[in-house]
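Trainee: Quick one: sequence and predicted model below, then my questions.
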Amino acid sequence: IKVSSGAQYVVDVFADLKASLTTATSLFDINTVTASGRLTGSTATADSQNLSLQNQYIAASGNLMVQVDSDTAVANNYLMGAADQDIAKFKITASSTEAVSITQLVLSSRISTGATGTVSNIRLVDTATGSQVGSAVPSFGDNSTTATSTYTHAIFSGLSLTIPKGTSRVLAVRVDFTTYENGGFAITGQTVSPLILASYYGQSGNSPITATGASSGTALTALISNDGSSWGSAPHGGSNRTAAAPTSTLYRAKLSIAWAGDAPAGSASPSTAQTVAKFVVSNASNSGAYAATVNRINLNFSTTVSAAAGVDSTRALTIYKDSLSTTALATTNFAVSQKLDGSRAGSAAETITGITNANFNSNNGVDIASGASKTFYATLDTTDSASTKSLSVRVPSSGVVWTDGVTASLTSMGTDLPLSFKTFTY
């Protein structure tokens, strides 16, 4: 056999495996390969090999693992009354030994106070085919007198789900959320955290996955992995891991925010009222036609601009809605000795990033109807901006304070905040 320089020669050995083999053993020992250099004639023999690396591991049955899929949605706000919402994705993987047949899956949920009845029509959907797996479960319930008050459960029984060996299937958890008016709720902000527990009642012998090896017929216990989980590695104070998806938070209105398409940025000249921000806040259409009310907006600055010295001089940051010709919603004035980025040399740090001196319209706020949007503007006195200086502005995390008419002082905006910085150069 000739092996070229830099190449390799592969030998595949085929044999029948005896049924009596049940432990790791070395079936073939390749201790020495005798060879010599084709040109030099020098020995190239490989010997004294590590035989333990040649062990063949014999499995009597397959295995399966459950974990949160990397494509699952991040923690987010959802509208009460929204239908067909995917709140989690779980990946089920069969080992390379054999295919796995699943006949039952128990999906659990950790819910907040007052969240009972918020979720209905719970379904499992194969993300590869878009097909529903098994029948829908009407809602989460205790399902047993031994269930804890921490979790409720949805049992998907009578499944006919096969995972081919060495492959994975991803199941999305698709639900409908109950409307605020039909649920008779007194609060909003309820949370639902779907997960698969390693032991769904916190007791031994209660596997959330009922599965057998397709070839061996052996009952299999799933490994519930916390890889990709959002929280909680020890349910009920035990040592078992969980596959925990991100939390869904429910409101009867849902706001989103984005820079306006014509938001200013780039080269600028100093001005007493330079428009430094223009953004749009939208209220998604909701089942009860509920308005959302914006009460406050905060801004972040990052800048090399410093106010020039001057006795009792101030500069103004002003917020408007709809247009710059309307009455200002709020104004923050800051001293010339204070930098725009919130620091003051030689003194304790201060901030002018928030509209802190007044709520909009004397606490009446800015109403945004269901399915509507409002455009907000911010102007800043930038007369101290010298040549080559720069100013960056954004709406930070928790930068919008609003209410859905039930829960006050909300700052949740899903994944929209913080907005990216818009930068001006002078």
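Mentor: Received the coordinates, thanks. Numbering: from 1, shown residues only.
Trainee: where does the protein dip in pLDDT?
Mentor: For the chain, the stretches flagged by pLDDT under 70 are 17-28, 51-60, 142-149, 201-205, 227-241, 306-313, 334-364.
Trainee: and the helix or strand hosting Arg174, how far from the chain's centre?
Mentor: Taking DSSP states H and E as the definition, Arg174 sits inside strand 168-177. Taking C-alpha atoms, centre = their mean, to the nearest Å, one finds the center of strand 168-177 at 15 Å from the center of the full chain.
Trainee: Could you export that strand as PDB, CA atoms only?
Mentor: Coordinates of each C-alpha in strand 168-177 appear next as PDB, following Å, rounded to 0.1, in the frame of the first residue of the first chain:
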ATOM      1  CA  SER A 168     -33.300  16.800  16.100                       C
ATOM      2  CA  ARG A 169     -36.900  18.100  15.900                       C
ATOM      3  CA  VAL A 170     -37.800  21.600  17.100                       C
ATOM      4  CA  LEU A 171     -41.300  22.000  18.600                       C
ATOM      5  CA  ALA A 172     -42.700  25.500  18.900                       C
ATOM      6  CA  VAL A 173     -45.200  26.200  21.700                       C
ATOM      7  CA  ARG A 174     -48.100  28.200  20.000                       C
ATOM      8  CA  VAL A 175     -50.800  29.700  22.200                       C
ATOM      9  CA  ASP A 176     -53.700  32.200  22.200                       C
ATOM     10  CA  PHE A 177     -53.800  34.800  24.900                       C
END
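Trainee: That one - contacts with which helices or strands?
Mentor: Under the contact definition 3 or more C-beta pairs under 8 Å, 6 or more residues apart in numbering; DSSP states H and E, strand 168-177 sits against strand 85-94, strand 119-126. C-betas here are computed from N, CA, C, even on glycine.
Trainee: Name the residues of the first one that come out as buried.
Mentor: For strand 85-94, a neighbour-count test (16 or more other C-beta atoms under 10 Å) marks 85, 87-94 as buried.
Trainee: Let me see the ranges of the helices in the protein.
Mentor: 180-183 (DSSP state H).
Trainee: residues contacting the residue nearest the centre of it?
Mentor: The chain has Val74 as the residue nearest its centroid, 1.6 Å off, counting by C-alpha atoms, centre = their mean. Residues counted as contacts of Val74 (C-beta atoms under 8 Å, 6 or more residues apart in numbering) are 246, 415.
Trainee: With the one 10 residues further on instead?
Mentor: The neighbours of Asp84, taking C-beta under 8 Å, 6+ apart as the test, are 174, 176.
Trainee: how much space is there between it and Val170?
Mentor: 17 Å (C-beta to C-beta, to the nearest Å).
Trainee: Over to Ile30?
Mentor: Taken as C-beta to C-beta, the span from Ile30 to Val170 is 40 Å.
Trainee: More neighbours: which of those two?
Mentor: Val170 (17 against 12; other C-beta atoms under 10 Å).
Trainee: Wait, that one touches Asp69, no?
Mentor: Yes - if you go by C-beta atoms under 8 Å, Val170 and Asp69 touch, sitting 4.9 Å apart.
Trainee: any common contacting residues for these two?
Mentor: With C-beta under 8 Å, 6+ apart as the test, Val170 and Asp69 both reach 89-91, 127.
Trainee: Out of those, which comes closest to Ser323?
Mentor: Lys89 (43.5 Å; C-beta to C-beta).
Trainee: Kindly provide the distance from the closest one to Pro138.
Mentor: For Lys89, the distance to Pro138 - C-beta to C-beta - is 21 Å.
Trainee: swap in Phe177?
Mentor: With C-beta to C-beta as the criterion, Phe177 and Pro138 are 14 Å apart.
Trainee: the more surrounded of those two?
Mentor: Neighbours per residue (other C-beta under 10 Å) separate Phe177 from Pro138, with Phe177 holding more: 24 against 11.
Trainee: Show me the beta-bridge partners of that one.
Mentor: Counting by DSSP bridges, Phe177 forms beta bridges with Val119.
Trainee: From what I see, it and Ile87 are in contact.
Mentor: No - contact criterion C-beta under 8 Å: Phe177 and Ile87 do not qualify, at 9.1 Å.
Trainee: which residues do those two both contact?
Mentor: In contact with both Phe177 and Ile87: Tyr78, using C-beta under 8 Å, 6+ apart.
Trainee: Walking through the stretch 51-200 of the chain, point out its strands one by one.
Mentor: 64-68, 76-79, 85-94, 100-111, 119-126, 132-137, 151-156, 161-163, 168-177, 190-197 (DSSP state E, counting those that start in this stretch).
Trainee: now the third one and strand 119-126, what's the angle there?
Mentor: Relative orientation of strand 85-94 and strand 119-126, computed by axes from the mean of the first three to the mean of the last three C-alpha atoms, to 10 degrees: 40 degrees.
Trainee: packing partners for strand 85-94?
Mentor: Using 3+ C-beta pairs under 8 Å, 6+ apart: strand 85-94 touches strand 64-68, strand 100-111, strand 161-163, strand 168-177, strand 190-197.
Trainee: try 7 Å this time
Mentor: strand 64-68, strand 168-177, strand 190-197 (3 or more C-beta pairs under 7 Å, 6 or more residues apart in numbering; DSSP states H and E).
Trainee: Could you give the separation of stretch 160-180 from the chain centroid?
Mentor: 17 Å.
Trainee: For the remainder of this discussion, apply numbering that starts at 7.
Mentor: Got it, the first residue is 7 from now on, which makes the last one we talked about stretch 166-186.
Trainee: Quick check: buried residues in that stretch?
Mentor: Buried, per 16+ other C-beta under 10 Å, within stretch 166-186: 167, 169, 171, 175-186.
Trainee: coming back round to it: among the buried residues of strand 91-100, find me the one that's closest to Phe20.
Mentor: Ala100 (24.0 Å).
Trainee: What residues does that closest one make contact with?
Mentor: Applying C-beta atoms under 7 Å, 6 or more residues apart in numbering to Ala100 gives the contacts 68, 70, 106, 169-173.
Trainee: could the residues you listed go into TSV alongside distance to Arg116?
Mentor: As requested, the contacts of Ala100 are exported to TSV (distance: C-beta to C-beta, whole Å):
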residue	distance to Arg116
Gly68	30
Leu70	24
Val106	27
Ile169	26
Pro170	32
Lys171	33
Gly172	33
Thr173	30
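Trainee: measure Thr431 to Ile108 for me?
Mentor: 59 Å.
Trainee: Just want to know which of those two has more residues nearby.
Mentor: A direct count of neighbours by other C-beta under 10 Å for Thr431 and Ile108 places Ile108 higher, at 24 against 15.
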